[in-house]
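**Q** Pasted the sequence and its predicted model underneath.
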Amino acid sequence: MASKPKVTIHHIAEKLNITASTVSRALNDNPRISEVTKKAVLKAAKQLNYQPNNIAAALRNGKSYIIGIIVPTADRAFFASVVRGIEEIANKLNYKVIICQSYDNYEKEVQTIDALLSARVDGIIASIGKNTENFDHYKRPQEKGIPLVLFDRTTDALEVSQVVIDDYLGAYKVVEHLIQQGCRRIAHFTSPKKVSVFKERLRGYTDALRDYNLPFDEDLIIRSNLQLEDGRASMEKLLELEIKPDAVFSASDYGAMGAMQVLKERKIRIPQEIALAGFGNEPFTSFSDPTLTTVDQFSLTMGRITAELFFEHFKAGDKKLVPQKTVLKPELIIRGSTLRNPEQKD
């Protein structure tokens, strides 16, 4: 079936017997146009189902009032909450957002950058995918003078502002807590990818062991994609060791939940035999049995600060601003999955 021709301002002008330029000014609330004409134009636009051409408007005005947001996936509470924080600030300034998912796929991330630039967005806010090791595509917005701000999964290879949680401190606090609960053989689930957040969490884990004079054992480091099924497989692997761990710290809540499933199926008591901790404070962590100890990343706050930083750069225009790195302090949420000694909760 043939599609209907797109309604333009010329169709509205013809219907009202006025010029296209008058229609354009009325739609843009130009003070030179009377209220009567503005109302007539808006009514006709609605009747004809007129949709403005945002790209054309951006070419004329130099602004589209649209921000592109790139996240690895939108079905994680963390990223959804960050987007909410960004949108809260953007909407107050009459900006809309386009949310794009990279699915941690490098090629899709590159294509998304190109698509957003073609759509004439006023700027891009992104969290880098796990599989991205070449960042040339993120240089394109900068070359065009379009603001770029990164959050959570970032890189120092780009001279851009970024907002992150102190992943190192969060991990260190988890391991320190496990040690205080009497754990001495602590395993760690991490990612094989060169993603900053996982590298920092591994570093926090390693340094905590060192500071408390506990040995580092490579056999206790399990690398995977940190999803639920990966947590299950990783826990099965640890249980095959001759000397089993007495605690597991997963760099994601999903990996920890997979491990919890296996331990419960094996009738291994949590936390008495093996304690479990995650990272992210996903909503399900407070409903599991036992509830899961984790790290709160203050995602909503991260989104708001990221948006504020973006608009600071946007308002600067051609004036070059020095990239800023905002580091948020994480909070350790202690719950039943690690609490062997209740009096040590605080």
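**A** On my side now, so go ahead.
**Q** Need the residues that contact the host helix or strand of Arg304.
**A** Element membership of Arg304, judged by DSSP states H and E, is helix 299-316. By Cβ atoms under 8 Å, 6 or more residues apart in numbering, the surrounding residues in contact with helix 299-316 are 67, 77-79, 81-90, 93, 122-123, 125, 147, 149, 151-152, 161, 163, 165, 321, 324, 326, 328. Bear in mind the C-beta positions are built from the backbone N, C-alpha and C, glycine included.
**Q** residues in contact with Lys144?
**A** Lys144 neighbours (Cβ under 8 Å, 6+ apart): Leu117.
**Q** Ignore what I typed, I meant Pro323.
**A** 159-162.
**Q** any idea how far Ser191 is from the residue nearest to it when sequence neighbours are not counted?
**A** Distance criterion Cβ to Cβ, 6 or more residues apart in numbering; nearest residue to Pro323, sequence neighbours excluded, is Ser161 at 4.8 Å. When Cβ to Cβ, to the nearest Å is the yardstick, Ser161 and Ser191 sit 24 Å from each other.
**Q** Find me the pLDDT at the residue nearest the centre of the chain, would you?
**A** Nearest to the geometric centre of the chain sits Phe79, at 3.9 Å (Cα atoms, centre = their mean). Looking at Phe79, its pLDDT stands at 94.
**Q** so it makes contact with Pro72?
**A** Yes. Counting by Cβ atoms under 8 Å, Phe79 touches Pro72, with 6.9 Å between them.
**Q** Next, show the common contact partners of these two.
**A** Listed contacts common to Phe79 and Pro72 are Ser127; contacts here mean Cβ under 8 Å, 6+ apart.
**Q** So what does Val327 look like in phi/psi?
**A** phi -110, psi 120 (degrees, to the nearest 10).
**Q** Quick one: residues contacting it.
**A** Going by Cβ under 8 Å, 6+ apart, the list of residues near Val327 reads 164-166.
**Q** and if we set it to 10 Å?
**A** The contact partners of Val327, by Cβ atoms under 10 Å, 6 or more residues apart in numbering, come to 162-169.
**Q** Likewise for Thr206?
**A** Counting by Cβ under 10 Å, 6+ apart, Thr206 has contacts 168, 171-172, 175, 188, 216, 221.
**Q** Okay, now the unreliable bits of the protein?
**A** Residues of the chain meeting the criterion pLDDT under 70: 1-5, 52-62, 317-319, 342-346.
**Q** domains of it?
**A** 9-52, 62-165+299-328, 167-297+333-344 (automatic domain parsing).
**Q** show me where the stretch 1-150 of the chain has strands.
**A** 66-71, 96-101, 123-126, 148-151 (DSSP state E, counting those that start in this stretch).
**Q** Make JSON lines from those and add distance to Asp289 and mean neighbour count to it.
**A** Below are the strands of the stretch 1-150 of the chain laid out as JSON lines (distance: least, Cβ to Cβ, whole Å; neighbours: other Cβ atoms under 10 Å):
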{"stretch": "strand 66-71", "distance to Asp289": "30", "mean neighbour count": "24"}
{"stretch": "strand 96-101", "distance to Asp289": "32", "mean neighbour count": "16"}
{"stretch": "strand 123-126", "distance to Asp289": "37", "mean neighbour count": "26"}
{"stretch": "strand 148-151", "distance to Asp289": "33", "mean neighbour count": "26"}
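**Q** Distance to Val195 for those - can I get that in CSV?
**A** Below are the strands of the stretch 1-150 of the chain laid out as CSV (distance: least, Cβ to Cβ, whole Å):
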stretch, distance to Val195
strand 66-71, 14
strand 96-101, 17
strand 123-126, 13
strand 148-151, 12
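**Q** So which of these is nearest Ile270?
**A** Nearest of the strands of the stretch 1-150 of the chain to Ile270, taken as Cβ to Cβ: strand 66-71 at 31.5 Å.
**Q** Give the partner strands of that closest one in its sheet and their orientations.
**A** Strand 66-71 has the following strand partners under DSSP bridges: strand 96-101 (parallel), strand 123-126 (parallel).
**Q** show me the contacts for Lys320.
**A** By Cβ under 10 Å, 6+ apart, Lys320 lies in contact with His313.
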